[in-house]
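> structure for the following, please:
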Amino acid sequence: MELKGKKVAILVDQMYQEMEVWVPLYRLQEAGVETITVGAEAGKTYPSKLGYPCTAQKSYNEVSADDFDGVVVPGGFAPDHIRRHPKANKLVADINAQGKLVAAICHGPWVLCSAHGMLKGRKVTSFFAIKDDVVNAGAEWLDEEVVVDGNLVTSRKPEDLPAFCLACVNVLKK
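This next block holds a predicted model:
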């Protein structure tokens with residue numbers, strides 16, 4: 001329980017990548033972190049790409065950066081839905097501005113692209129198909145399993161989850 005007392009938001013929406021929600025959620029819980037699933041509507045169940053359900057415990061309207069020690073943005077096609085909500089983008093930008101963990105995997109950096117310029121001058125990775133979006137948002141894109149730039153943790157795909165989760169835990173320890 002190395003991280004007891006920490007709280008992390010995990011953003012959810014339809015078409016999320018199953019492993020990129022559940023593996024970080026369970027790994028963080030194993031470390032003692034309280035995880036809260038956050039979506040556009042509290043109580044709404046969002047299906048993954050394969051239909052696996054995840055219910056949002058809170059809505060973007062109910063939370064603020066002050067409530068959390070970090071945020072995880074999963075991949076799949078959920079990030080394209082998440083970033084359509086200005087309050088989701090603000091939540092991520094505010095958590096980043098406070099120097100807290102911002103972690104995104106696969107297509108998750110799409111949300112970071114919409115989070116008020118937070119990628120300018122940062123080193124990140126993502127699924128290769130959104131490399132241009134990340135670069136156009138001002139980031140330096142690297143093809144590595146995990147990239148840590150201060151409080152920012154990014155990875156490319158589900159196979160990178162072990163390194164991604166370890167980096168998230170290490171950033172939360174600081």
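> where does the chain have low pLDDT?
1 (pLDDT under 70).
> hmm, who's touching stretch 150-164?
With contacts defined as Cβ atoms under 8 Å, 6 or more residues apart in numbering, stretch 150-164 is touched by 17, 19-20, 23-24, 70, 75, 96, 99-106, 108-109, 112, 118, 122, 124-128, 143-147, 167-168, 171. Heads up, the C-betas are built off the backbone N, CA and C, glycines and all.
> which among these count as buried?
When these are checked for burial by 16 or more other Cβ atoms under 10 Å, the buried set is 17, 19-20, 23-24, 70, 75, 96, 100-106, 108-109, 112, 118, 122, 124-127, 146-147, 167-168, 171.
> from those, which land in helices?
Among those, the members falling in helices (DSSP state H) are 19-20, 23-24, 96, 109, 112, 167-168, 171.
> now F68: how far from N151?
Distance of F68 to N151, computed by Cβ to Cβ, to the nearest Å: 12 Å.
> no, scratch that, I was asking about K90
According to Cβ to Cβ, K90 and N151 sit 17 Å apart.
> contacting residues around the residue nearest the centre of the chain?
Residue closest to the average C-alpha location in the chain (Cα atoms, centre = their mean): V73, at 1.9 Å. By Cβ under 8 Å, 6+ apart, the contact set of V73 is 11, 79, 82, 92, 102-105, 108-109, 111-112.
> wait, which of these is closest to S59?
L11 (11.2 Å; Cβ to Cβ).
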